[in-house]
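A.B. asks: What follows is a predicted protein model with its sequence.
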Amino acid sequence: MALSLSADDDEYDSEAEQQQRPANRPKPPKVGVAGTVKLAASRGPAGARRRRTRCRRCEACLRTECGECHFCKDMKKFGGPGRMKQSCIMRQCIAPVLPHTAVCLVCGEAGKEDTLDEEEDKFNVMLMECSICNEIVHPACLEVKDAGGVVNDELPNCWECPKCSHAGKTGKACKQKRGPGFKYASNLPGSLLKEQRPGRDPREEGDLATPAVTVATVARRQLEETPRHRLEEQVAKKRPAVPPADGQAWPRPEDDALQKKRKLTDDDDTPDPNGGNKRKSPKPDQLLTSIIKREQDEEGGSRELGYQWNYGEEEEEEEEEREQEAQEGTRHTEKAEEEEQEARQGARHTEEAQEEEERGGVFRTPSCESDLSRCNSSPRAGPSGEGGLELQDKARVRARARRPVRLPCRELSRELSKELNQEIQKTEDCLANESRQPVKAEPDSETDEPKRVVSMAAMEMAGDWLRPCERETNGAPLREPPMQPTAGAGRRPLGVQMERHVIRPPPISPPPDRLPLADGHAHILRRELWMAIFSHLSHQQLCVCMRICKTWNRWCCDKRLWTQIDLKRSKSITPLMLSGIIRRQPISLDLSWTNISKKQLSWLINRLPGLRVLLLSGCSWVAVSALCTSSCPLLRTLDVQWVEGLKDTQMRDLLSPPTDNRPGQLDGRSKLRNVTDLRLAGLDITDASLRLIMRHMPLLARLDLSYCNHITDQSVNILTAVGSTTRDSLTQINLSVCNRVTDQSLSFFKRCGSICHIDLRFCKQVTPEGCQRFAAEMSVSVQFSLLEDKLLQKLS
DNA sequence: TATAACGTTATA
DNA sequence: TATAACGTTATA
């Protein structure tokens, strides 16, 4: 009931029409004779709200119904009863607009932004709906025009009108985080809204709270030509640091404590020993603050392997933060103190974990120290409070009206969220464009371009014909999915009709080929040359470039520059990050040790049809189970190491062919049938799982079973049995720290024609002599050497 | 008038 | 708390 009007409704109902209105019937708008309506002064806090309708131009709106989701199945056209009357999940509008019939409460006229050319002027003649009192007005029609309404940039034509904003009303806004009509938040998979703790002041939900900008800045925010606030680029990071040995964990014998470590660091529900239930889902703020803190810590440092988030304007924002801090020196309330304590608690946990990590080494990544500990070591960096910061918020709003924004870190995340929808819109447009535009080719050579960059939209549209081509691609990751020119089939009609209420007309054009210069000419270098230059930049540098201008922003977001996105150990996966990922369409995505939810993952992978590498180690099984229902046909590498709760039963769910009759999946093959690299370290799986793997992953070449205590010689026997495809396909196997494996296994590996790499380190029952014997016996055909104790490697 | 689906209530 | 149901609105 996030959108309930209950309290106010009752009050209102008692006035006039109590009992008479059917339960779910909205009250009629309290509009009198046009033009005579008094503004809300005399009435309750909230009048009726106009129902919003889909924008018809966002990527979601442009989709066709999936026919598979819950709501589609309910529809009569798909054979359902038609009772639910909901939009297809995949088609839920990202930016619902006011209906065409909406008019200004004051002058009775519609939005008039189309009549003006100057973007800056448009705002005053747009219809704006107040998320608190629900009134729809032209800002220009208000008596006090410069009074600083607070624009909700997540929803078109939505703001907190000056009156409500000044009155400091928050009641509604608290419940309606995204303002009226915003289904996206609560219904789309990937939404975090449902995962928020109830009862929290949403103003603390940095990432989802109504983002606020003053009227003074709205024109720039919504219409500006040069996107300087591309904070969303935080998705950008260093390219993933390559973990040792193909990303497989380095085994250390003493690492039995790993599971405990997870408890300490990754289990959100870990009860705090001191009583409270600490660490609910990490709040977006945390992430942000950790970023900021980190940036501060590392100021000026160029840690080549540093786990750095990169987003625009970091320095500037840091400065802002400091200034804000200086100004509000007394801001630390008791609440803040508590937070601080809580934060330290978290830090302690993490430090323990880190210590363990250093001893154990399994999680050695060159990339990161504990983000959390750093984050939390800052007094200001703890999780947001549970409320009580409203004053601060209001002060902020007022402050913003007066001067250029100086953002405290809490607000930064709000800024980020504000970027979200803009980015979503861009993402959609970008993708929609890409589905029609070759990226590699210059526009004038579109037709001869053999390879096309195909957007997710096109891929989805491409649907079944995509599948035959999966088989032809044999493992080597391509920079771009091979697609036939028929990708043009992915074209879909764009919303031809111009919406009157769309605030941000999306760029329908393809990325420009040349950089427009101030003098009206174009820069001499063509885009492809720029791309060649950009390809030498780190993700961080790319993000800086994205702040330069709109053109660079689009160029730098090219998915060729983002083939690998590394978000491992991110404390929170935000909608912003999700949209950023989608926009970049990576081939490899590392979400290891994050608390990504099932919905988020499902949402993501359904939109990343070209994904080849998915790293989910340390995630929850609940999240990973998204793979059971999502399609990821090109997936080659799947890392589900240390996924808690992933056992034989779950492996079966993961590997079993879909039971539904969707076209293209009638062949009864597993969705993961093209996986060549499977990482299962630390799982309690038995031979039952191995049999499934054998059956369903005929191309499996690299298998990591380290730390799997149930793996035995018999398991190896199964993998290498006569007639199994694995026997021929297997090139690398990691059985380190599998204590039930003995020398016997080595003799089984002699049956593997392609085996190159056998890791039996720290297997207590495997002897060095056994390994030497294996090498000696194999030397007739293949030369093996012992790289380390019990680590066999074929000599090439 | 028909279709889609929003935003709420009812129910499990 | 999540899901189902449905009156009603928006649009063509």
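C.D. replies: Received it, and whenever you're ready, just let me know what you need. This structure is a prediction, so every number in the text was calculated from the model and none was measured.
A.B. asks: residue contacts, residue A:770?
C.D. replies: Contacts for residue A:770 (CB atoms under 8 Å, 6 or more residues apart in numbering) come out as A:742, A:743, A:746. All C-beta spots, glycine's among them, are computed from the backbone N, C-alpha and C.
A.B. asks: before we move on, what SS does the last one have?
C.D. replies: Classification of residue A:746 into helix, strand or coil gives helix, according to DSSP: H, G, I helix; E, B strand; the rest coil.
A.B. asks: Spit out the contact partners of it.
C.D. replies: A:758, A:760, A:766, A:770, A:771, A:773, A:774.
A.B. asks: quick one: average pLDDT of the helix or strand harbouring residue A:599?
C.D. replies: Element membership of residue A:599, judged by DSSP states H and E, is helix A:598-606. Per-residue pLDDT over helix A:598-606 has a mean of 83.
A.B. asks: Next, see if that helix gets close to DNA strand C.
C.D. replies: No: shown here: helix A:598-606 not in contact with DNA strand C (CB under 7 Å from any atom of the strand), separated by at least 9.6 Å.
A.B. asks: Which strands or helices does the very next helix or strand once past that helix pack on?
C.D. replies: Of the helices and strands lying after helix A:598-606 in sequence (DSSP H and E), the nearest is strand A:613-615. Under the contact definition 3 or more CB pairs under 8 Å, 6 or more residues apart in numbering; DSSP states H and E, strand A:613-615 sits against strand A:588-590, strand A:637-639.
A.B. asks: Please convert the ones you listed to a markdown table, extending it with mean pLDDT, mean neighbour count and distance to DNA strand C.
C.D. replies: Compiled in a markdown table, these are given as follows (pLDDT from 0 to 100; neighbours: other CB atoms under 10 Å; distance: least, CB to the nearest atom of the strand, whole Å):
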| stretch | mean pLDDT | mean neighbour count | distance to DNA strand C |
| --- | --- | --- | --- |
| strand A:588-590 | 95 | 24 | 26 |
| strand A:637-639 | 97 | 23 | 26 |
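A.B. asks: List just the one of the ones you listed that sits closest to residue A:137.
C.D. replies: Nearest of the helices and strands packed on strand A:613-615 to residue A:137, taken as CB to CB: strand A:588-590 at 44.2 Å.
A.B. asks: Which residues are in contact with residue A:791?
C.D. replies: Going by CB under 8 Å, 6+ apart, the list of residues near residue A:791 reads A:758, A:759, A:760, A:761.
A.B. asks: Now do the phi/psi pair for it.
C.D. replies: phi -120, psi 110 (degrees, to the nearest 10).
A.B. asks: picking that back up, quick check: strands, which of the contacts of residue A:791 are part of them?
C.D. replies: A:758, A:759 (DSSP state E).
A.B. asks: which of the contacts of residue A:791 sit farthest apart?
C.D. replies: Maximum pairwise distance among the contacts of residue A:791 (CB to CB): 9.9 Å, between A:758 and A:761.
A.B. asks: Same drill for those two, tell me which one is more crowded.
C.D. replies: residue A:758 (26 against 22; other CB atoms under 10 Å).
A.B. asks: still on that earlier bit, can you select the buried ones among the contacts of residue A:746 for me in PyMOL?
C.D. replies: Buried subset of the contacts of residue A:746, written as a PyMOL selection, criterion 16 or more other CB atoms under 10 Å:
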select buried, chain A and resi 758+760+766+770+771+774
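A.B. asks: Could you dump the helices and strands packed on strand A:613-615 into TSV with distance to residue A:128 added?
C.D. replies: TSV is the format used below for these (distance: least, CB to CB, whole Å):
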stretch	distance to residue A:128
strand A:588-590	38
strand A:637-639	47
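A.B. asks: Put together CSV for these, with distance to DNA strand B on each row.
C.D. replies: Below are the helices and strands packed on strand A:613-615 laid out as CSV (distance: least, CB to the nearest atom of the strand, whole Å):
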stretch, distance to DNA strand B
strand A:588-590, 29
strand A:637-639, 34
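A.B. asks: low pLDDT regions in chain A?
C.D. replies: A:1-47, A:145-147, A:168-510, A:658-668 (pLDDT under 70).
A.B. asks: Okay, and which of the contacts of residue A:746 map to strands?
C.D. replies: Residues of the contacts of residue A:746 located in strands (DSSP E): residue A:758.
A.B. asks: nearest to DNA strand B, of the contacts of residue A:746?
C.D. replies: Nearest to DNA strand B among the contacts of residue A:746 is residue A:760, at 52.3 Å by CB to the nearest atom of the strand.
A.B. asks: dump the residue contacts of that closest one.
C.D. replies: Residues counted as contacts of residue A:760 (CB under 8 Å, 6+ apart) are A:735, A:736, A:738, A:741, A:745, A:746, A:766, A:771, A:790, A:791, A:792.
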